[in-house]
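Novice: take this sequence and fold it.
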Amino acid sequence: MSRDGGPGVQGQTYRISQRVQQIPASGIRKFFDLLASMDGVISLGVGEPDFVTPWSIRDAAIEAITHGDTHYTSNFGTPELRRAISHHLEKLYGVQYDPLSEILVTVGVSEAMDLAMRALLDPGDEVLVPEPTYVSYNPCAVLAGATPVGVPTYMEHDFRLQAADVERAITPATQLLVLGYPNNPTGAVLSRADMTAIGEVARRHDLMVVSDEIYDRLGYDGEHTCFASLPGMQPRTILLGGFSKAYAMTGWRIGYAAGPAPVIEAMMKVHQYVTMCAPTMSQAAAVEALANGEHEVQDMVEQYNYRRRFIVSSFNQMGLTCFEPRGAFYSFPSIRSTGLTSEAFAQGLLREEKVAVVPGSAFGASGEGFVRACYATSLDQIKEAMDRIARFTAHHRGPE
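Specialist: Alright, predicted model coming up:
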């Protein structure tokens, strides 16, 4: 077997796909395997709300199960949920999507991203991915046979993607631009002017744009700009959204894609063979979330905002320069003053002070020199974690 996947049972080797061998294990999950054998760790690592899914949303799923609504739905998702998503997007952003042909319900936004790349890309195509980037974007491109091309962003620009940098990265092979704002891991947000300039580059070079807006409701300074709402952008945008972050529904695995009907149809073709449909009871819960979950969303955002201000202030006071994140629930402090690499900092902090953060290098080369600290945990836990990080930093201060 020419492609060695390593020894298996009784020394047998297995032929593993070159594409799978090409992608690394998630830098987040790989690092947090270290937590399994440790007690007393405060985790600022996994990007998951510490809130429980609101009761009315849970009740909707329970009612669906009680009534026996446990069968397959349409590959596209239930008509009720697609209509609710269509109404939601029009009410928030003024974009109109036909719920029957332009919306696909997916198993989380991660599946939606995978479907979009497999539907739009061929081997040899290039995908522009702003860095630091969420860990799944590059592997999704590789698994689609394409080549991801990183476009760096910088703290001096508040990690906002610059249109000029996008333009410089374009080659004849470029087919797709991925936008993920509010951003994971930095918390950066693009202004309407930023997005308009990027949209002009996309128009000029005839690029499709996949806009991952899973954190759209978690913003702290002004309203989120939906990329598809910009003049002329809806026909070239695949808008990805979901319920995990805003409604504390990570385990429900429910998301969606909205876009031009031919692209949504192509994505559905992959979806129907790989997944069939999103979980029926999760779809019922999502309908309730859109109908009656707004109050809980606003309560969570208010609490995140308080934690955000505290954690940023704490990092800056201890000498770990931290730009102010304007969306999502992540801070991205610089650890360069310690003289440690991001992985050495994260491993040392976990070992010495039992605080878990994610090395910035897990999010691409542009993330080196930073760590990601999630503030979707209780304020008491954050306060204790900040005390421990300050102690660790004091012991590892690099040369001036």
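
Novice: quick one, phi/psi of the nearest residue to Pro235 once chain neighbours are set aside?
Specialist: Spatially, and ignoring its direct neighbours in sequence, Pro235 is nearest to Pro260 (5.8 Å; C-beta to C-beta, 6 or more residues apart in numbering). Where you see a C-beta, it was placed from the backbone N, CA and C, and this is true even at glycine. Torsion angles at Pro260 (phi, psi; degrees, to the nearest 10) stand at phi -60, psi 140.

Novice: surely Pro260 is in contact with Leu239?
Specialist: No. Assessed by C-beta atoms under 8 Å, Pro260 is found out of contact with Leu239, at 10.6 Å.

Novice: all strands for the stretch 1-150 of the chain, in order.
Specialist: With DSSP state E, counting those that start in this stretch as the criterion, the stretch 1-150 of the chain has strands at 4-7, 13-15, 42-43, 103-106, 126-131, 147-152.

Novice: what pairs with the fourth one, parallel or antiparallel?
Specialist: Each strand pairing with strand 103-106, determined using DSSP bridges, is listed with its direction: strand 255-258 (antiparallel).

Novice: export the partner strand to PDB, keeping only CA atoms.
Specialist: Coordinates of each C-alpha in strand 255-258 appear next as PDB, following Å, rounded to 0.1, in the frame of the first residue of the first chain:
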ATOM      1  CA  GLY A 255     -26.900  26.000  10.900                       C
ATOM      2  CA  TYR A 256     -27.800  27.300   7.500                       C
ATOM      3  CA  ALA A 257     -26.600  28.600   4.200                       C
ATOM      4  CA  ALA A 258     -28.400  31.300   2.100                       C
END
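
Novice: any buried residues in whichever helix or strand comes after it, and which?
Specialist: Downstream of strand 255-258, the first helix or strand assigned by DSSP states H and E is helix 261-274. By 16 or more other C-beta atoms under 10 Å, the buried positions in helix 261-274 come out as Val263, Ile264, Ala266, Met267, Met268, Val270, His271.

Novice: packing partners of the helix ranked longest in the chain?
Specialist: Assignment by DSSP state H gives helix 294-317 as the longest helix of the chain. Counting contacts by 3 or more C-beta pairs under 8 Å, 6 or more residues apart in numbering; DSSP states H and E, helix 294-317 packs against strand 330-331, helix 379-395.

Novice: for the protein, which element, helix or strand, carries the lowest mean pLDDT?
Specialist: The helix or strand of the chain with the lowest confidence, counting by mean pLDDT, DSSP states H and E, is strand 4-7 at a mean of 56.

Novice: and the closest residue to Leu143 other than its chain neighbours, what's its pLDDT?
Specialist: Spatial nearest neighbour of Leu143, chain neighbours left out: Arg19 (5.7 Å); criterion: C-beta to C-beta, 6+ apart. With respect to pLDDT, Arg19 scores 84.

Novice: Arg19 and Arg82: what is the separation?
Specialist: Taken as C-beta to C-beta, to the nearest Å, the spacing of Arg19 relative to Arg82 amounts to 32 Å.

Novice: compare these two (neighbour count), which wins?
Specialist: Neighbour count, other C-beta atoms under 10 Å: between Arg19 and Arg82, Arg82 has more, with 25 against 13.

Novice: can you pull the contacts of the more buried one?
Specialist: Going by C-beta atoms under 8 Å, 6 or more residues apart in numbering, Arg82 touches Phe76, Pro99, Leu100, Ile103, Val105.

Novice: filter those down to the buried ones, PyMOL style.
Specialist: The PyMOL selection below is limited to those of the contacts of Arg82 classed as buried (16+ other C-beta under 10 Å):
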select buried, resi 76+99+103+105
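
Novice: pick out the most distant pair among the contacts of Arg82.
Specialist: Leu100 and Val105 (12.3 Å; C-beta to C-beta).

Novice: anything in contact with each of the two?
Specialist: Common contacts of Leu100 and Val105, defined by C-beta under 8 Å, 6+ apart, comprise Phe76, Arg82.

Novice: what ranges does this structure have for its helices?
Specialist: 18-22, 27-32, 55-66, 79-93, 108-120, 137-143, 163-169, 192-204, 261-274, 280-292, 294-317, 342-353, 379-395.

Novice: same list (those) but as JSON lines, adding distance to Met38.
Specialist: What follows is the helices of the chain, written out as JSON lines (distance: least, C-beta to C-beta, whole Å):
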{"stretch": "helix 18-22", "distance to Met38": "30"}
{"stretch": "helix 27-32", "distance to Met38": "10"}
{"stretch": "helix 55-66", "distance to Met38": "31"}
{"stretch": "helix 79-93", "distance to Met38": "40"}
{"stretch": "helix 108-120", "distance to Met38": "27"}
{"stretch": "helix 137-143", "distance to Met38": "27"}
{"stretch": "helix 163-169", "distance to Met38": "40"}
{"stretch": "helix 192-204", "distance to Met38": "41"}
{"stretch": "helix 261-274", "distance to Met38": "36"}
{"stretch": "helix 280-292", "distance to Met38": "32"}
{"stretch": "helix 294-317", "distance to Met38": "22"}
{"stretch": "helix 342-353", "distance to Met38": "7"}
{"stretch": "helix 379-395", "distance to Met38": "14"}
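
Novice: quick one: Glu200 from Asp216, how far?
Specialist: On the measure of C-beta to C-beta, Glu200 and Asp216 end up 22 Å apart.

Novice: between the two, which is the more surrounded one?
Specialist: Between Glu200 and Asp216, Asp216 has the larger neighbour count (other C-beta under 10 Å), namely 25 against 15.
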